[in-house]
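[1] Build me a model from this:
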Amino acid sequence: MTDAVTCPNCRDVLDVPTEFRGRSVKCGTCQTVFPVPEPMLSITEIPTARRERPLFVNERRSQKQSNRVVWFLLFATALVLGGLCVACGGFVVWMNNPPMTVHKSEEGKFQVEFPSEPQPFAQAGEQGVIVKGLEAKRKLAEGRYFVKYYDLSNQQLASDPEAILTDALKTEIAGLAAGNEVQRQMTKHAGFPAIDVELHQGSQFMQRITVLRVILAGSRVYILGTQGQNQLPQFTYVQQFFISFRTTVKVAPLLKPALDE
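    Numbering: from 1, shown residues only. The predicted model follows:
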């Protein structure tokens, strides 16, 4: 194959073999030596690497868009996880600080704070005594709060206050089947003699804890109690339940030896 090449000097057209492209040749007419130019490439002859360059640019744009999608998904995931953490944190705070409301009992002549609306109940006690009280349960959490009360007979009032409280505790614990006693302490509640008891039931990490406080106020025995899964007496809302209990009428003290503070 040959290329038609024009001599730059005499303008004569020479037939030059294609293998001389890019090399120098001598004109047969005027003897001028000149280089044979390289032919211009057609679109179909453009190297593949050069023709694919625009596609590479499009791939970079696609990669940037893909990165934006990934960052958006990561941001959205972080927002969702953050919201869940806040919700869980709020639930934990609510669990450890349930709202307590004051409830006044006209018949029982006392007031105390419950985590929910209490329900009245009555049950038969020993020697035909009717034990009355109020009971409330926490919502979304295993927890029971109750106040029981009954009046003592003249024969029972003849006993020592500590003996009265001990007998009342013995009867209450037997009825609850609340597990093993881990702590007992003689104390006072608003000036009245009282005994605190803590009982545990179950394994170490899944204990059902019962806390009782028996109070002798005049001729009446009050039994305050909380029960819950891993619900320790040190918890703020448990302490608030016991501390909030007050008699709403003036009660004359028994003519018994006063307990030491």
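
[2] neighbouring contacts of stretch 124-138?
    Stretch 124-138 has contacts (C-beta atoms under 8 Å, 6 or more residues apart in numbering) with 98, 103, 105, 107-108, 112, 114-123, 143-151, 153, 171, 223, 228. The way it works is simple: take the backbone N, C-alpha and C, and place the C-beta from them, glycine included.

[3] Kindly report the same for stretch 3-20.
    Residues outside stretch 3-20 that contact it (C-beta under 8 Å, 6+ apart): 1-2, 21, 25, 27-30, 32, 34, 36-37, 39.

[4] at 10 Å instead, please
    By C-beta atoms under 10 Å, 6 or more residues apart in numbering, the residues outside stretch 3-20 that reach it are 1-2, 21, 23, 25-37, 39.

[5] Now do it: distance from first to last residue.
    Chord length of stretch 3-20, first to last residue, is 9 Å (C-alpha to C-alpha, to the nearest Å).

[6] chain center to that stretch, what's the gap?
    Centre-to-centre, stretch 3-20 and its host chain are 88 Å apart (C-alpha atoms, centre = their mean, to the nearest Å).

[7] my guess is Val112 contacts Ala190, does it?
    No: contact criterion C-beta atoms under 10 Å: Val112 and Ala190 do not qualify, at 11.8 Å.

[8] Heading C-terminal from the host helix or strand of Gln201, find the next helix or strand.
    Using DSSP states H and E, Gln201 falls within strand 192-202. Downstream of strand 192-202, the next assigned helix or strand under DSSP H and E is strand 207-217.

[9] Tell me which other helices or strands that next one touches.
    Strand 207-217 sits against strand 143-151, helix 161-176, strand 180-189, strand 192-202, strand 220-229, helix 236-243, strand 246-247, with contacts defined as 3 or more C-beta pairs under 10 Å, 6 or more residues apart in numbering; DSSP states H and E.

[10] again, 8 Å this time
    Under the contact criterion of 3 or more C-beta pairs under 8 Å, 6 or more residues apart in numbering; DSSP states H and E, strand 207-217 touches helix 161-176, strand 192-202, strand 220-229, helix 236-243.

[11] looking at the ones you listed, which is buried most?
    Comparing these by mean neighbour count (mean count of other C-beta atoms under 10 Å), strand 220-229 ranks first with a mean of 21.
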